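*Asks:* Need the 3D shape of this:
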Amino acid sequence: MGSTNGKPLSIDLVNSILEFRRQEVPIKQIAKALSVGVGTVHKYCSKLPENATIGDIVVKRKQQLDISSGNLTKATQAMSRINKERRDGAAQIALKEWPHIKSNPIILALVIGYWAEGSKRSTREFDITNSDPGFVVAIIHGLNGLNINLDEMYATINVYPQHDPIECVNQWKKATSLLCIKPYLKEWRGKQKQIYSKYGVCVLSVRRSRLLFIKIMTWIDLWRQELGVDNGWQVTKTERSKTHLTSG
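*Replies:* Sure, this is the predicted structure:
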């Protein structure tokens, strides 16, 4: 519904607008007489029958909301379907590429490295964390092997109170040649007061890498299958919750 000074119009005010309009009073004069915006008056008067009441306004608005909600639901469903098709397509491409991937030591090192240190959350994009610049450089080389350039990558350096953020960023830039590196100050947790990395911890990410993430996770599963390694050792959220409750 319309508003005046950011507040919803009262029922009496809406009825006054409709009554003036039924008397064929011009919209500008209605707006001036009731101290509301011309656009607000027009919103209530347009596309309504001459004998419209506040009840008609409410019904019409509800219909508009229902239509908008329906369109939003359809759009959401369509987007979900498209995203699923893209994910399934990326997985199928990964299956076809696997023979080439496992025969390329640089890319295979990327896959194994991500298996060890990468984020595995299903909602995430490519995101890998390590404090060893040599490890990070090896991952960058693997990404280059997949035709991903440095300008598509960026890094966040986790630094603690004892670190010099500027020095940490400069050292990581020097070691990795990454173009975009930013520091992120972290606080000590619990009894943790010891620095394990002289120049902080690097979190390497790739822009718009959801499909890349799916392909790498597919390659990890394929590599695990070839090695005959069971993935049943991982603890689920439910199991973690039960353990926490038991220990408490």
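
*Asks:* From here on, just use CA atoms for contacts and neighbour counts.
*Replies:* Will do.

*Asks:* What does the spatially closest residue to Asn149 that is not a sequence neighbour show for phi and psi?
*Replies:* Once flanking residues are discounted, Asn149 sits nearest to Leu143: 7.4 Å by CA to CA, 6 or more residues apart in numbering. For Leu143, the backbone dihedrals (degrees, to the nearest 10) come out as phi -70, psi -40.

*Asks:* And for the one 5 residues further on?
*Replies:* In terms of degrees, to the nearest 10, the main-chain angles of Ile148 are phi -100, psi 120.

*Asks:* For the helix or strand hosting Val41, buried residues please.
*Replies:* Val41 is part of helix 38-45 when elements are defined by DSSP states H and E. Buried residues in helix 38-45, defined by neighbour count with 16 or more other CA atoms under 10 Å: Thr40, Val41, His42, Tyr44, Cys45.

*Asks:* And it, how far out from the chain middle?
*Replies:* Averaging C-alpha positions (CA atoms, centre = their mean, to the nearest Å) puts helix 38-45 38 Å from its chain's average.

*Asks:* Run through the neighbouring helices and strands of it.
*Replies:* Judged by 3 or more CA pairs under 8 Å, 6 or more residues apart in numbering; DSSP states H and E, the packing partners of helix 38-45 are helix 11-22, helix 27-34.

*Asks:* what's the average pLDDT for the last one?
*Replies:* In this case it means helix 27-34. Mean pLDDT, computed over helix 27-34, is 81.

*Asks:* contact partners of that helix?
*Replies:* Identification of contacts with helix 27-34 by CA atoms under 8 Å, 6 or more residues apart in numbering yields Leu13, Ile17, Phe20, Arg21, Gly37, Val38, Val41, His42.

*Asks:* Output stretch 143-159 as PDB, restricted to C-alpha atoms.
*Replies:* Output of stretch 143-159 as PDB, limited to C-alpha atoms (Å, rounded to 0.1, in the frame of the first residue of the first chain):
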ATOM      1  CA  LEU A 143      45.700 -24.200 -11.200                       C
ATOM      2  CA  ASN A 144      47.700 -22.800 -14.100                       C
ATOM      3  CA  GLY A 145      47.700 -26.300 -15.600                       C
ATOM      4  CA  LEU A 146      43.900 -25.900 -15.600                       C
ATOM      5  CA  ASN A 147      44.200 -22.600 -17.500                       C
ATOM      6  CA  ILE A 148      43.400 -20.500 -14.400                       C
ATOM      7  CA  ASN A 149      45.500 -17.400 -14.300                       C
ATOM      8  CA  LEU A 150      46.900 -15.400 -11.400                       C
ATOM      9  CA  ASP A 151      44.400 -12.600 -12.000                       C
ATOM     10  CA  GLU A 152      41.600 -15.100 -11.300                       C
ATOM     11  CA  MET A 153      43.100 -16.000  -7.900                       C
ATOM     12  CA  TYR A 154      43.300 -14.000  -4.600                       C
ATOM     13  CA  ALA A 155      44.500 -14.700  -1.100                       C
ATOM     14  CA  THR A 156      43.700 -13.800   2.400                       C
ATOM     15  CA  ILE A 157      46.500 -13.900   4.900                       C
ATOM     16  CA  ASN A 158      45.400 -14.800   8.500                       C
ATOM     17  CA  VAL A 159      47.600 -12.800  10.800                       C
END
